[in-house]
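In: Give me a model of this one.
(chains A and B)
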Protein chains: 2
Amino acid sequence: MRIVVIGGDAAGMSAASQVRRNVGAAARIIVLERQSWTSYSACGIPYWIGGQVEGGPDRLVTRSPEQHRANGLDVRTRTEAVSIDLAAGVVRAEAVGAGGSAGTFEYDHLVVATGAVPLVPAITGLDLPGVHRAQTLDNGLAAIASLALGPRRAVVLGGGYIGLEMAEAAMDRGLDTTIVDLSPEPMHTLDVDMGARIRAALTSAGVDFHGDEPAREIVAGPDGRVAAVRTDRGLYPADIVFMGLGVRPRNELAIAAGLPVGDFGGILTDDHQRVVGCDTVWAGGDCTEVMDRCVGRRRHVPLGTHANHQGRVIGLNIAGGDVAFPGVVGTAITKFQATEIARTGARVAEAADFGLDVVCTTIEAKTRTGYMPGVAPLAVKMIAERGSGRVVGCQIVGGPGAGKRIDTAATAITNRMTAEQIIDLDLAYAPPVSGVWDPIQIAARQLSNLL
Amino acid sequence: MRIVVIGGDAAGMSAASQVRRNVGAAARIIVLERQSWTSYSACGIPYWIGGQVEGGPDRLVTRSPEQHRANGLDVRTRTEAVSIDLAAGVVRAEAVGAGGSAGTFEYDHLVVATGAVPLVPAITGLDLPGVHRAQTLDNGLAAIASLALGPRRAVVLGGGYIGLEMAEAAMDRGLDTTIVDLSPEPMHTLDVDMGARIRAALTSAGVDFHGDEPAREIVAGPDGRVAAVRTDRGLYPADIVFMGLGVRPRNELAIAAGLPVGDFGGILTDDHQRVVGCDTVWAGGDCTEVMDRCVGRRRHVPLGTHANHQGRVIGLNIAGGDVAFPGVVGTAITKFQATEIARTGARVAEAADFGLDVVCTTIEAKTRTGYMPGVAPLAVKMIAERGSGRVVGCQIVGGPGAGKRIDTAATAITNRMTAEQIIDLDLAYAPPVSGVWDPIQIAARQLSNLL
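Out: Numbering: from 1, shown residues only, chains lettered A, B, ... in the order given. Model prediction:
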């Protein structure tokens, strides 16, 4: 059995490793990867750039090409797949650097795991020295080299997950930090009232946040490096600029091959991660769309967790299994300094789009019992369907320990629990970790009263 | 409507407050409380004794008698109910100190919330000066007074929740600390293999843990204060002794009145917290037994969370509501220094008692992504029913952030999820708070393979 995997990160390598584990030597597995690295934690790049993670890029590599090769996977780095011939079952690849492999690769099963590509605004100056992304390890190396030049002022484009994490990194590096964001409040994957709480945390930490104010131009200085970011309302001096504008599916190869993509540009698969209409082609990770179990629609949710899950499912199915990936409920978490931010399910702002008539409430509680040292405030917003009382969304902003409480809400939403049923959950209480009513249940009580 | 509540802590005051809120002035609510305090956090007492919570006992009081009175509740402190006449609908009380009220109190609804009484071993020396409990605020004041005498060596009797928390308190006070425990490993509400991990944490912190070694005698010194604890194997010098042997339902009043109690001595109620066979008598909190939803049996689970839940349910039902308390799944959490300890559902050791044929696994993972600062190891034991694959228990021992993950397992168990379904949960991932596969899911994967 010949397996070709396009993309050597979470989804691709999880799939390849599962096939290797379950099929053994009968599978010949070739992995084509554009970069020099495999299986690295892109999510860790902001912490590496900021210096919380010390050392070289290897610190973020879970498994190197050499380690994968020792595991029997034929990993070709610096090798870019440039076309797929579905009828012939062949992928053509080109070398994109020293050591890359040009050639054609026949497959019995193809795994498309091309990942995502950063969104870039239609503005000038994106290529100036000192303008950095945080998607690849090469991006990280470049940013760290720029930081060594001693910048004083950073501007971050975007106030979403990566934007916030890069703002924390810039603060960790001692830089004056400004965020300019298209959205009115940071973290537009939460409702704006919760975003306002995040803005308050940014502001109190000294970050200069500008919402509703996208970058219009990145301006060069006399030395040819970045010098400022211009918006409609201001010119913000910058010795270094970080891009945090989100990503879209890297779908060009798939589209050229005739693979189906959805409204968000992600490859469409069934619940076994098989590409719709293609018996021997599988796709997973950031290049695909995923079913939202909460609202019954496909979304683009580029997260390492799903990539790993889907890769595992692909590998098991190629190996003869019958494993479904039932989808996601939209859980995500990040933090800015001591403020944890988490969300799951549907927002109020999008409920109507999903045909949901909702009731919501926001409560303020604490991460621990009030008398314990280290206690911090947190806010929980909970959203339920009117009538049924089924909880369809939850958002949390608060101090250390606040964020992972979202898992309780995500598990409840997956099980279609009502607010009343959440009140009755048996959640863990001790003064150092919670109040006697967990904040999730305080929100459920409040919501139940409103329902 | 005349309501008499016996016991002014979590269950009793929650019930009284709910009646007040929902019935208003039409309810005349009398609360009879033996002590001087109401609505205090017994769970916080070890942290107060240890000095993490500074200040007086008021720090642990959520709502004082005066505050309850201002809310329209007729709270009689230092007043002990001594008999209940069910036929006549009358409670007789005696004063147990200055300001107490002797008298008879007629009721239309009676709420029994007498709480628990500490277990005491049948040994001599329990009354020696320097021997302390940690159940009431008066206990805490006495322990703090003892600590002011400058003890150097503490012995803690019992290695359960209170025992561990008192050991932490003793360490916080700079004492050489020994635990002597009846069970082979600390925390016998977890399986012994997980208990061994807890013992390792105790030992590495410098606590001298002796399992399978109950105290046989508390020995006095020449000054008449405690001087040592003797077991079958040793004599452990002690300037101060803390009792942490658990509790039993405070049921004497209920039994004398003819109220039904179960195998564990707790008052038996229906799922509305109405005492079985008594239309107008309700009971909640540590004096009752509670239905375990996971295994379908009653247990005695003395926890503030359940007391608060049940009190709320009682109050709503007295006010004319129709609210059930569906029971618990046996979730509990504590910590010793940086080691968090949590459990939910059935243990392997008791599975057979519940008619369960189980499979289990224990995995080792980390609290955060491995490259992040502050990462700590954790272990998750997960237990599922053979055949159905339904997860019936989970235990966690690990570093900061480990423990509250039990809520995900508790929510999954409540929803009767299988290990396979837990793998598919959409749990929150970011490097500072989790690995890309949450440890709960790593355990579920491993368990699913075994199933």
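In: Could you pull out the helices in chain A for me?
Out: Across chain A, reading from the start of the chain, the helices by DSSP state H fall at A:10-23, A:45-49, A:65-70, A:137-147, A:161-172, A:192-204, A:252-257, A:304-318, A:348-351, A:406-414, A:419-423, A:439-450.
In: How about the residue in the stretch 251-400 of chain A that chain B sits nearest to: what's its closest non-neighbour residue?
Out: Closest approach of the stretch 251-400 of chain A to chain B (C-beta to the nearest C-beta) occurs at A:Ile333, with a separation of 3.7 Å. Using the backbone N, CA and C atoms, a C-beta is placed for each residue, glycine as well. Among residues not flanking A:Ile333 along the chain, B:Ala428 sits closest, at 3.7 Å (C-beta to C-beta, 6 or more residues apart in numbering or on different chains).
In: ok so, going back, burial measure for the residue of the stretch 251-400 of chain A closest to chain B, as a count.
Out: By the measure other C-beta atoms under 10 Å in any protein chain shown, the count of residues near A:Ile333 is 25.
In: Contact partners for it?
Out: Contacts here follow C-beta atoms under 8 Å, 6 or more residues apart in numbering or on different chains; on that basis A:Ile333 touches A:Glu340, A:Ile341, A:Ala342, A:Arg343, A:Gly403, A:Lys404, A:Ile406, B:Ala428, B:Tyr429, B:Ala430, B:Val433, B:Ser434.
In: Report the buried members of the residues you listed.
Out: A residue is treated as buried here by neighbour count (16 or more other C-beta atoms under 10 Å in any protein chain shown); on that basis the buried members of these are A:Glu340, A:Ile341, A:Ala342, A:Arg343, A:Gly403, A:Lys404, A:Ile406, B:Ala428, B:Tyr429, B:Ala430, B:Val433, B:Ser434.
In: Reformat those as TSV; add pLDDT.
Out: Formatted as TSV, the entries for these read as follows, by pLDDT from 0 to 100:
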residue	pLDDT
A:Glu340	98
A:Ile341	98
A:Ala342	98
A:Arg343	98
A:Gly403	97
A:Lys404	98
A:Ile406	98
B:Ala428	98
B:Tyr429	97
B:Ala430	96
B:Val433	96
B:Ser434	96
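In: Just flag the most distant two among these.
Out: With distances taken as C-beta to C-beta, the most widely separated pair in the buried ones among the contacts of A:Ile333 is A:Arg343 and B:Ser434, at 15.1 Å.
In: For the stretch 301-450 of chain A, which segments count as strands?
Out: For the stretch 301-450 of chain A, applying DSSP state E, counting those that start in this stretch gives strands covering A:332-336, A:339-345, A:358-366, A:377-385, A:391-398.
In: Check the stretch 101-250 of chain A too.
Out: Using DSSP E, counting those that start in this stretch, strands in the stretch 101-250 of chain A cover A:103-106, A:109-112, A:116-118, A:131-132, A:153-157, A:176-180, A:208-210, A:215-220, A:226-231, A:235-237, A:240-243, A:247-249.
In: wait, what's in contact with A:Lys381?
Out: For A:Lys381, counting by C-beta under 8 Å, 6+ apart, the contacting residues are A:Leu190, A:Asp191, A:Asp193, A:Met194, A:Cys360, A:Thr361, A:Thr362, A:Gly393, A:Cys394, A:Gln395, A:Ile396, A:Ala443.
In: quick one: the spatially most central residue of chain A from B:Gln421, how far?
Out: Computing the C-alpha centroid of chain A and ranking residues by C-alpha atoms, centre = their mean puts A:Leu303 first, at 3.6 Å. When C-beta to C-beta, to the nearest Å is applied, the distance between A:Leu303 and B:Gln421 equals 19 Å.
In: so A:Ile267 sits right up against A:Glu252, yeah?
Out: No - counting by C-beta atoms under 8 Å, A:Ile267 stays clear of A:Glu252, with 11.4 Å between them.
In: Look at those two and report which has more neighbours.
Out: Neighbours of A:Ile267 and A:Glu252, each counted by other C-beta under 10 Å, are more numerous for A:Ile267; the result is 29 against 12.
In: pLDDT wise, what is that one at?
Out: The model reports A:Ile267 with a pLDDT of 98.
In: same question, A:Gly246
Out: Looking at A:Gly246, its pLDDT is 89.
In: still on that earlier bit, report the contact partners of the residue nearest to A:Ile333.
Out: Per C-beta under 8 Å, 6+ apart, neighbours of B:Ala428: A:Thr331, A:Ala332, A:Ile333, A:Ala342, A:Thr344, A:Gly403, A:Lys404, A:Ile406, A:Asp407, A:Ala410, B:Ser434, B:Asp438.
In: same thing with A:Leu202?
Out: If you count contacts by C-beta under 8 Å, 6+ apart, then A:Leu202 has A:Leu164, A:Ala167, A:Ile179, A:Pro186, A:Phe209, A:Phe336 around it.
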